[in-house]
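S.K.: One predicted model, sequence on top.
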Amino acid sequence: MSGHSKWATTKYRKGAQDKARAKIFAKCIRQVEVAAREGGGDMDANATLRTAYQKARSSSVPLDTIEKAIKRGTGELEGVRYEAINYEGYGPAGVAIMVETLSDNRNRTGSEIRNLFNKNGGNMAEPGAVSWQFERKGIVSVSRHQDEDKVMEIAMEGGAENLSDNGEFWIVTCAPADLEAVRQALDDAGITPESVDLSLEPTTLVPVPDEGDAKRVLRLLDAIDDHDDVQAVHANADIADTVLAAFEG
């Protein structure tokens, strides 16, 4: 993966500087609730919950807020029941897009996501039409201040598959089942990851050399990512760093 644009190595997400903290908190809290409901509240026995917890903490979600979310998930506290729903579609230039949501109203969320596709030059696809172009991976981001060779050696010993440079972090990729082992190996070596997450990574990339098409793709992804129910947006677009920088600037 090394050498591809930042878009190709990480899922699209806007930074905390341009997103309300409340929205980031809400997304993290939903993930914690659903993980606790589906796998129980014991983080030692529930790797998905452990990952959601770590993600919430790295986003500065208060500990008591996370603990309440776990209790809502396990039923100790009353709360809204969220359902994990994925949507598939295509954007400008034939870019494949996967949208992960946690919703308390399937019909509303589906209608609104479809509308965002339609308004921004894309179209929804039937289940399975796009998902085969992605695979679930564990993603660990490590500060580039750390020595690349050291990070790679330790991560590989923990079960990692690859290390790439997205311009901001060293990106360690592994199988979902190995995510905790990779994180632990880095921790044991005194390397604290910047983030630990599960992501959908494209198996093939679609180059988008035209700047106009690239900006239309990014506007579509931006609009979808802003939806309250959306947890993550993934695409197989390979967009030049210069276009990304101009759009994000």
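M.R.: Done, it's in. Since this is a predicted model, take the numbers as computed values, not measurements.

S.K.: what distance separates the start and the end of stretch 71-86?
M.R.: Terminal residues of stretch 71-86 are spaced 25 Å apart (C-alpha to C-alpha, to the nearest Å).

S.K.: mind listing what's buried in the strand or helix carrying residue 100?
M.R.: Assessed by DSSP states H and E, residue 100 sits inside strand 96-103. The neighbour-count check on strand 96-103 (16 or more other C-beta atoms under 10 Å) flags 96-103 as buried. Placement of C-beta: from N, CA and C, glycine included.

S.K.: Give the other helices and strands that that strand contacts.
M.R.: helix 21-39, strand 83-90, helix 106-119, strand 195-202, helix 211-225, strand 230-235 (3 or more C-beta pairs under 8 Å, 6 or more residues apart in numbering; DSSP states H and E).

S.K.: Make TSV out of those and add distance to residue 166 and mean pLDDT.
M.R.: As requested, the helices and strands packed on strand 96-103 are exported to TSV (distance: least, C-beta to C-beta, whole Å; pLDDT from 0 to 100):
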stretch	distance to residue 166	mean pLDDT
helix 21-39	20	87
strand 83-90	24	95
helix 106-119	26	97
strand 195-202	12	88
helix 211-225	16	92
strand 230-235	14	92
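
S.K.: Can you list phi and psi of residue 160 for me?
M.R.: Dihedral pair for residue 160: phi -70, psi 160, per degrees, to the nearest 10.

S.K.: Out of the helices and strands packed on strand 96-103, flag the one nearest residue 241.
M.R.: Closest to residue 241 of these is helix 211-225 (C-beta to C-beta; 11.0 Å).

S.K.: which residues are contacting whichever strand or helix holds residue 135?
M.R.: Per DSSP H and E: residue 135 is located in strand 134-143. Under the contact criterion C-beta atoms under 8 Å, 6 or more residues apart in numbering, strand 134-143 has outside partners 10-11, 96, 98, 151, 155, 160-161, 168-176, 178-179, 182-183, 186, 191, 193-203, 234, 236.

S.K.: Tabulate the CA atom coordinates of stretch 111-118 in CSV.
M.R.: Written as CSV, here are the backbone C-alpha positions of stretch 111-118 (Å, rounded to 0.1, in the frame of the first residue of the first chain):
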residue,chain,number,x,y,z
SER,A,111,-33.9,7.1,3.0
GLU,A,112,-31.5,9.9,4.1
ILE,A,113,-28.4,8.1,3.0
ARG,A,114,-29.9,7.4,-0.5
ASN,A,115,-30.9,11.1,-0.7
LEU,A,116,-27.3,12.1,0.1
PHE,A,117,-26.0,9.8,-2.7
ASN,A,118,-28.5,11.2,-5.2
